[in-house]
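Undergrad: missing the sequence, but the structure's below:
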């Protein structure tokens, strides 16, 4: 498992889940648990998921980066 990746709006949802501990809980919170059985998880970005689920990508990216101790989002 990788550590310290920078999560952006263009990050692929599946890669974030694999790389960031606790990301699955954030994704489930905003997108529901259907993401985990959807094939699109391996090609769709956080921004795309936010469009599909009418959520704010900046909020999700910030929460995911905070899991890693970052969050300034430079």
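TA: Arrived safely, thanks for sending. Everything numeric here is computed off the predicted structure, so don't read it as measured data.

Undergrad: chain center to the helix or strand harbouring residue 25: distance?
TA: Secondary structure assignment for residue 25, by DSSP states H and E: helix 23-31. Its chain's C-alpha centre and that of helix 23-31 lie 7 Å apart, by C-alpha atoms, centre = their mean, to the nearest Å.

Undergrad: Count the neighbours of residue 33 for me.
TA: Residue 33 is flanked by 10 other residues according to other C-beta atoms under 10 Å. Placement of C-beta: from N, CA and C, glycine included.

Undergrad: Helices of the protein, residue ranges please.
TA: Listed in chain order, the helices of the chain (DSSP state H) span 13-19, 23-31, 46-53, 57-66.

Undergrad: For residue 5, find the nearest of these.
TA: The minimum distance between residue 5 and those falls on helix 13-19, with 4.9 Å, by C-beta to C-beta.

Undergrad: Flag every buried residue along the closest one.
TA: 13-17, 19 (16 or more other C-beta atoms under 10 Å).

Undergrad: before we move on, what about stretch 16-33?
TA: For stretch 16-33, burial by neighbour count (16+ other C-beta under 10 Å) applies to 16-17, 19-20, 23, 26-27, 30-31.

Undergrad: Please verify my assumption that residue 49 contacts residue 13.
TA: Yes - Residue 49 lies in contact with residue 13 (C-beta atoms under 8 Å); the separation is 5.6 Å.

Undergrad: overlap in contacts of the two?
TA: Here residue 49 and residue 13 share the contacting residues 27, 31, 35, scored by C-beta atoms under 8 Å, 6 or more residues apart in numbering.
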